[in-house]
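In: This is the structure alone, sequence omitted:
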């Protein structure tokens, strides 16, 4: 992994937890425009975050997805492997 990609993958992770500065956003978006691998990584990070937010753990820590959530997850996973 190139140094620039390593830095961008860290920014992708950081962006899920905090707003990026203007300089960070510019660097991030310019790099994503040129690097397919980092675009995929950023997309996958956002997707994983969405999935984890959908998980219901209210029943004593048991993870449960509704049938609709399960179907959407399968559809999204199928699309990401195309």
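Out: Structure received. Note that this is a predicted model, so its numbers are computed, not measured. Residues are numbered from 1 along each chain as shown.
In: any idea how far residue 3 is from residue 20?
Out: Distance from residue 20 to residue 3, counting by C-beta to C-beta, to the nearest Å: 19 Å. (C-beta placed from N, C-alpha, C; glycine too.)
In: let me fix that: residue 14
Out: Taken as C-beta to C-beta, the span from residue 14 to residue 3 is 17 Å.
In: neighbour-wise, which of these two wins?
Out: Shown here are residue 14 and residue 3; by other C-beta atoms under 10 Å, residue 14 has more neighbours (13 against 7).
In: The residue nearest to that one when sequence neighbours are not counted in helix, strand or coil?
Out: In this structure, residue 14 finds its nearest non-sequential neighbour in residue 20, 6.7 Å apart by C-beta to C-beta, 6 or more residues apart in numbering. Secondary structure for residue 20, judged by DSSP: H, G, I helix; E, B strand; the rest coil, is coil.
In: count of residues packed around residue 20?
Out: Residue 20: 15 neighbours (other C-beta under 10 Å).
In: which residues does it contact?
Out: 11, 14, 28 (C-beta atoms under 8 Å, 6 or more residues apart in numbering).
In: Next step: the residues you listed restricted to helices.
Out: 11, 14, 28 (DSSP state H).
In: how about the strands of this protein, start to end?
Out: With strands called from DSSP state E, the chain shows them at 56-59, 62-64.
In: residue ranges for the helices of this protein, please.
Out: Using DSSP H, the helices of the chain run over 3-17, 22-34, 36-54, 67-80.
In: Dump the ones you listed into a markdown table; add mean pLDDT as well.
Out: Formatted as a markdown table, these follow (pLDDT from 0 to 100):
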| stretch | mean pLDDT |
| --- | --- |
| helix 3-17 | 92 |
| helix 22-34 | 96 |
| helix 36-54 | 88 |
| helix 67-80 | 80 |
